[in-house]
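1. Fold the stuff below for me.
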Amino acid sequence: MPINADYRGPADLPEVVPVFPLPGALLLPRGQMPLNIFEPRYLAMVDDALRDGHRLIGMIQPDAAHSRNEVKPALFRVGCVGRITQLAEAGDGRYILELTGISRFKVIEEMTVLTAYRQCKVDYFPYIDDFTARKGEDEVDRAEVLRTLTDFLKANNLKTDWDEIKSAPNEALVNALAMMSPFGPAEKQALLEAPDLKTRAEILVALTEMELAKSTTPGETPLQ
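-> Reported below is the predicted structural model:
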């Protein structure tokens, strides 16, 4: 999706961003994530992001395995910042919005703030390649990704728009499938932290094949 801002590198993004901890949520560069915002603290976060003009929100997963505080759980160390590119008011106090991913980040530290929502100081430089659209997509085994997707759809009696899939560039295809995948937080985090698009595609294929293997009845063979 085209956006009004031009982010050419880490210097174009703020060092401190509001973060939205959401289990199972995966935002990737240039991917689109719909959100239904209704909690007062996150409504305030959206208002502040719009008021401050940056329109940015950092999506990050809570790290349940290392959390002692359910109210304020520990966070994974890697998230992805996105820009609010669509917003509508639902009429009942909710915001319906869409984030477009810009770049992943590593959390340096969580800030002590007065806001009800959390904010983190972050570093984008480890993911500087995120600012280059479609980088490394020629190395993706597209045929393997599509084969695995076909097997998954058949196994679950699902349909998809194949015309749209066939016309999608490799980056859009892999990232969209990763974001929509039905995996748990740990698997989603592995997809997020993949060092490059080729590795993300390989992880996606491996996770999908493991999911298919689990759903195969003993004595049956996986779909070909």
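2. quick one, longest helix in the chain?
-> helix 197-215 (DSSP state H).
3. Give the other helices and strands that it contacts.
-> In terms of contacts (3 or more C-beta pairs under 8 Å, 6 or more residues apart in numbering; DSSP states H and E), helix 197-215 is packed against helix 142-155, helix 170-180, helix 185-193. Yep, even glycine has a C-beta here, placed from its N, CA and C like the rest.
4. closest one to F125 among those?
-> Between F125 and those, the tightest spacing by C-beta to C-beta is seen for helix 185-193, at 15.2 Å.
5. List the buried residues in the closest one.
-> Residues of helix 185-193 classed as buried under the neighbour-count rule (16 or more other C-beta atoms under 10 Å) are 185, 187-193.
6. what separates that helix from the chain centre, distance-wise?
-> Between the centre of helix 185-193 and the centre of its host chain there is 9 Å, according to C-alpha atoms, centre = their mean, to the nearest Å.
7. how about the CA coordinates for it, as CSV?
-> Taking Å, rounded to 0.1, in the frame of the first residue of the first chain, the C-alpha atoms of helix 185-193 are listed here in CSV:
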residue,chain,number,x,y,z
PRO,A,185,3.5,-16.8,19.3
ALA,A,186,6.9,-18.6,19.3
GLU,A,187,6.5,-19.5,15.6
LYS,A,188,5.3,-16.0,14.7
GLN,A,189,8.4,-14.6,16.5
ALA,A,190,10.7,-16.9,14.6
LEU,A,191,9.1,-15.6,11.3
LEU,A,192,9.6,-12.0,12.5
GLU,A,193,13.2,-12.5,13.5
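8. can you state the direction angle for that helix and helix 197-215?
-> Relative orientation of helix 185-193 versus helix 197-215 (axes from the mean of the first three to the mean of the last three C-alpha atoms, to 10 degrees): 160 degrees.
9. tell me the angle helix 185-193 makes with helix 170-180.
-> Compare the direction of helix 185-193 with that of helix 170-180 by the same axes, to 10 degrees and you get 160 degrees.
10. Rounded mean pLDDT for helix 185-193, please.
-> Across helix 185-193, pLDDT averages out at 97.
11. now for it, which elements pack on it?
-> Packed on helix 185-193, when contacts are counted by 3+ C-beta pairs under 8 Å, 6+ apart, are strand 78-89, helix 197-215.
12. Looking at the helices and strands packed on helix 197-215, spot the one closest to E98.
-> Nearest of the helices and strands packed on helix 197-215 (C-beta to C-beta): helix 170-180, 12.3 Å.
13. Let me know the angle separating the closest one from helix 142-155.
-> Here helix 170-180 runs at an angle of 30 degrees relative to helix 142-155 (the same axes, to 10 degrees).
14. can I have helix 170-180 written out in CSV, keeping just the CAs?
-> Backbone C-alpha positions of helix 170-180 (Å, rounded to 0.1, in the frame of the first residue of the first chain) are rendered in CSV as follows:
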residue,chain,number,x,y,z
ASN,A,170,7.8,-12.8,-3.6
GLU,A,171,8.1,-10.3,-0.7
ALA,A,172,4.4,-9.6,-0.6
LEU,A,173,3.6,-13.3,-0.9
VAL,A,174,5.9,-14.5,1.8
ASN,A,175,5.1,-11.8,4.3
ALA,A,176,1.4,-11.9,3.7
LEU,A,177,1.4,-15.7,4.2
ALA,A,178,3.5,-15.4,7.3
MET,A,179,1.3,-12.7,8.8
MET,A,180,-1.9,-14.8,8.1
